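Novice: When you get a sec, could you give me coordinates for this:
(2 chains)
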Number of protein chains: 2
Amino acid sequence: MTAERTRQLAWAYLSRVAEPPCPPLAELVAEVGPVEAAERVQRGAVSAELHGRIRARREINCAAEDLDTLQRRGGRLITPDDEEWPAWAFLSFGRKTPPVAEDRPPLVLWAVGPDRLTDVTERAVAIVGTRACTAYGEQVTAELVAGLVERDVTVVSGGAFGIDGAAHRVALACEGATAAVLAGGIDVPYPSAHSALLHRVATNGLLLTEYPPGQRPARYRFLTRNRLVAALSGATVVVEAGLRSGAANTAGWARALGRTVCAVPGPITSAASAGCHELLRREDTVLVTRAQEIVEVMGRIGELADELEHPATPLDGLTDVQRRVYEALPGRGARTTDEIAVAAGVPADQVFGPLAVMEINGLVEREDGRWRLPGRVRGGQVGTAGVGAHDGQRVGDQR
Amino acid sequence: MTAERTRQLAWAYLSRVAEPPCPPLAELVAEVGPVEAAERVQRGAVSAELHGRIRARREINCAAEDLDTLQRRGGRLITPDDEEWPAWAFLSFGRKTPPVAEDRPPLVLWAVGPDRLTDVTERAVAIVGTRACTAYGEQVTAELVAGLVERDVTVVSGGAFGIDGAAHRVALACEGATAAVLAGGIDVPYPSAHSALLHRVATNGLLLTEYPPGQRPARYRFLTRNRLVAALSGATVVVEAGLRSGAANTAGWARALGRTVCAVPGPITSAASAGCHELLRREDTVLVTRAQEIVEVMGRIGELADELEHPATPLDGLTDVQRRVYEALPGRGARTTDEIAVAAGVPADQVFGPLAVMEINGLVEREDGRWRLPGRVRGGQVGTAGVGAHDGQRVGDQR
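Specialist: Below is the predicted model of the structure:
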């Protein structure tokens, strides 16, 4: 058996042995690698905490069969070993306070489809919403998705009835890229009435799941799955949602992961828009009515794809306007809001908000009513304290 | 002639002699009083700047006839001499940068109707929108206005076709208080098809204008009038508006005057909601779907009515949540965001936004990631630098 095959089998085994995400298992793998981790798990030579998580399944080793199942469907196991692993998309995990187990990247992803995962995450938007959508919601989904496809954006969703299904269907109809993240095994199409739709996604786009073959979807798995829909996308757009909906859960993950949450308004007389309006009453949700507005929100997220040269930085999450405002700050000294407005070409009354948000993120500083870059980023001072990725990005900028 | 009558005639004369608002005239009146100002204007003994503004009309003195016209309609001239003059509602004028002539309070208000103006402004919401409203817009207006009337809120609008008219009509139907601000003389009902409606407003609520009798509405007068609709209301709600609409102009005034702008979302497929969505894409517009949400936005604006004891302060513009967050700041020392969330009873993730906004307004300060009151407001230090209205409000607070 090749070393590569051994690693694949280890990953596949680990994927099934504990319900994902499993922080102690992830830590063990990070420490000793997948092969050694699998071996220790099989022996039961692990911490008490991890033992509790793997006890029930550690003697089940159907890794070879699982990989066969995957291969028969033309699929592949995407692991942190692969170039296709979207490491940067998972960088924002682990920030929730208090910590929650779900706030973890997947261990591996079972995938079927021609699209490369790193290509997907380079420029993707999650389009999500209620299963009980209205004709208005379907129409809006169709218009937004068609516009996103036109702009080469991959449409990510959860494959469910309603908005999710409409999003995949329209993306396919427009010959655009689309990815569905499942809450069960790659061979368990759910809902079953979407078998044909999901098959078309697997044939033309990408079907993804962190669950091994045969695993059935369950309520908690949908919620866990939602974090991946959010993480793989530059922005999450809620088209229609009731007051308590899975879409709001996905939006919550997007926010926790530093992605922008967008929502589409609708008639206030429609219960299917009530969840969107609730989201929009928060200051951090962006109201969108056209695909162009969604693309603006994504900003230059595509530039992140090349994560080796441009590590993820706080700048990556900036909206287009925020970035323009940021770039209007002088290398040395400070500027007034009005000066920044002129330099950025942004209306004066739209400069304060972005500056305040960036101040919270530590990207700008205020001094006597003027704004400047933080000390560690300003020109000429970068050799000393400034060696973070943030500084590199700013200094690499040749303006 | 009584001194009171002389002053009334002077105010009435001054109201017609220059197109309002007229900053140099307002300054002259502030300096020498209305009687002396009227006398100087009649003689032409004024600054060159003011002379240019009054030249055309200074020889027209129909003040007595104008007051007769008003009296025949059962009306009254409300001036800064009157207890009914809503001085605090006009305090926020004069802040636009660069200065614009319209950014001024009215000199006087010609009024017809049983409601006292100070009662109106104590608890009023402007409901405005496009003349070309849809059935959806009418339905939403009816629901919001009925809810506002139930909560004893006066509904202010401009008497126009569409949303404005619906707002007045529903308020009257619900036996609620309503005020219409006209862009022409009190005896020039406009649009004429709304004569009966405006007559009912004058009979049951309050009809207001800064223009003397006989003055015809004109495009610039509608825009000038809009500032009064905004100023007299604690919040302005745009129900439906096209992309370039007078309602957006009123919203702009509301914002400039420190009032909260609310907008009702609608189908993104409806052109009559496009202006609302444009407003809602700004961070400082509040999405509202129910009357209760509008009342929350108004916060405790009612407490301001007693302007002698509680002068208008930056705190007045705070939303309910902002105020709760503000009040959770300690008299001395600083608190973390989490501590403030607990003290304010506001979810932790909803504390940052209000704090950031209040920081911009100078109401709170940040120090090492903690928040505190500005130096001049903190307990024990108020005797020294702190003698502004702001400090008084904080100190007068008995918590």
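
Novice: which residues make contact with the host helix or strand of A:H168 from outside it?
Specialist: Using DSSP states H and E, A:H168 falls within helix A:163-173. Outside helix A:163-173, the residues that touch it by Cβ atoms under 8 Å, 6 or more residues apart in numbering or on different chains are A:127-131, A:133, A:137-138, A:141-142, A:145-146, A:148-149, A:155, A:157-159, A:177-178, A:180, A:194, A:197, A:200-201, A:204-205, A:239-240, A:247. C-beta here means a position set from N, CA and C on the backbone, and glycine is covered the same way.

Novice: These in helices, which ones?
Specialist: Those of those mapping onto helices are A:137-138, A:141-142, A:145-146, A:148-149, A:197, A:200-201, A:204, A:247, per DSSP state H.

Novice: still on that earlier bit, of the contacts of helix A:163-173, grab the buried ones for ChimeraX.
Specialist: Command for ChimeraX that selects the buried part of these, burial taken from 16 or more other Cβ atoms under 10 Å in any protein chain shown:
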select /A:127,128,129,130,131,133,137,138,141,142,145,148,149,155,157,158,159,177,178,180,194,197,200,201,204,205,239,240,247
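
Novice: residues contacting the residue nearest to the spatial centre of chain A?
Specialist: Residue closest to the average C-alpha location in chain A (Cα atoms, centre = their mean): A:A231, at 1.5 Å. Contacts for A:A231 (Cβ under 8 Å, 6+ apart) come out as A:A89, A:F90, A:S92, A:F93, A:P105, A:W253, A:L257, A:R259.

Novice: Confirm that A:A356 sits in a helix.
Specialist: Yes: according to DSSP: H, G, I helix; E, B strand; the rest coil, A:A356 belongs to a helix.

Novice: Can you name the residue of chain A nearest chain B?
Specialist: Chain B sits closest to A:P265 of chain A, with a gap of 3.2 Å, by Cβ to the nearest Cβ.

Novice: Regarding that residue, what is its secondary structure?
Specialist: Going by three-state DSSP: A:P265 is coil.

Novice: Okay, A:W88 and A:P99: tell me how far apart.
Specialist: Separation of A:W88 from A:P99 (Cβ to Cβ, to the nearest Å) stands at 21 Å.

Novice: Could you give the backbone dihedrals for the nearest residue to the residue of chain A closest to chain B once chain neighbours are set aside?
Specialist: Computed as Cβ to Cβ, 6 or more residues apart in numbering or on different chains, the closest residue to A:P265 that is not its neighbour in sequence is B:P265, at 3.2 Å. The phi and psi torsions at B:P265 (degrees, to the nearest 10) take the values phi -80, psi 170.

Novice: State the phi and psi torsions of the nearest residue to A:E150 once chain neighbours are set aside.
Specialist: Nearest non-adjacent residue to A:E150, counting by Cβ to Cβ, 6+ apart: A:A291, 7.1 Å away. The phi/psi pair for A:A291 (degrees, to the nearest 10) reads phi -60, psi -40.

Novice: residues making contact with stretch A:41-54?
Specialist: A:13-14, A:17-19, A:22, A:24-25, A:28, A:40, A:55, A:58-59, A:61.

Novice: Would you mind giving me the PyMOL syntax to select the buried ones in the residues you listed?
Specialist: The PyMOL command for the buried members of the contacts of stretch A:41-54 (criterion: 16+ other Cβ under 10 Å) is given here:
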select buried, chain A and resi 13+14+17+18+19+22+24+25+28+40+58+61
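
Novice: which pair in the contacts of stretch A:41-54 spans the largest distance?
Specialist: Across the contacts of stretch A:41-54, the longest distance by Cβ to Cβ is 19.5 Å; it joins A:P24 and A:N61.

Novice: Using the three-state scheme, assign A:V100.
Specialist: Assigned by three-state DSSP, the conformation of A:V100 is coil.

Novice: mind checking how far it is from A:T285?
Specialist: Taking Cβ to Cβ, one finds A:V100 at 21 Å from A:T285.

Novice: who's more crowded, these two?
Specialist: A:T285 (23 against 12; other Cβ atoms under 10 Å in any protein chain shown).

Novice: who's that one bridged to?
Specialist: Going by DSSP bridges, A:T285 is paired in beta bridges with A:V261.

Novice: That one against A:V264, yeah?
Specialist: No: when contacts are counted by Cβ atoms under 8 Å, A:T285 is not listed as touching A:V264 (10.6 Å).

Novice: Give me the pLDDT for A:A334.
Specialist: In this model, A:A334 is scored at 84, pLDDT.

Novice: neighbours around it, how many?
Specialist: Other residues near A:A334 number 19, with proximity taken as other Cβ under 10 Å.

Novice: Return the distance of it relative to A:A142.
Specialist: Distance, A:A334 to A:A142, by Cβ to Cβ: 47 Å.

Novice: circling back to that earlier point, which residues are in contact with the residue nearest to A:E150?
Specialist: A:E143, A:L144, A:V145, A:A146, A:G147, A:L148, A:E150, A:R151, A:V153.

Novice: Tell me where the stretch 1-150 of chain A has strands.
Specialist: Taking DSSP state E, counting those that start in this stretch to define them, one finds strands in the stretch 1-150 of chain A at A:75-78, A:109-112, A:124-128.

Novice: Need the ones you listed in JSON lines (columns: distance to chain B and mean pLDDT).
Specialist: Listed next are these as JSON lines, based on distance: least, Cβ to the nearest Cβ, whole Å; pLDDT from 0 to 100:
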{"stretch": "strand A:75-78", "distance to chain B": "32", "mean pLDDT": "98"}
{"stretch": "strand A:109-112", "distance to chain B": "29", "mean pLDDT": "98"}
{"stretch": "strand A:124-128", "distance to chain B": "14", "mean pLDDT": "98"}
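
Novice: Thank you, goodbye.
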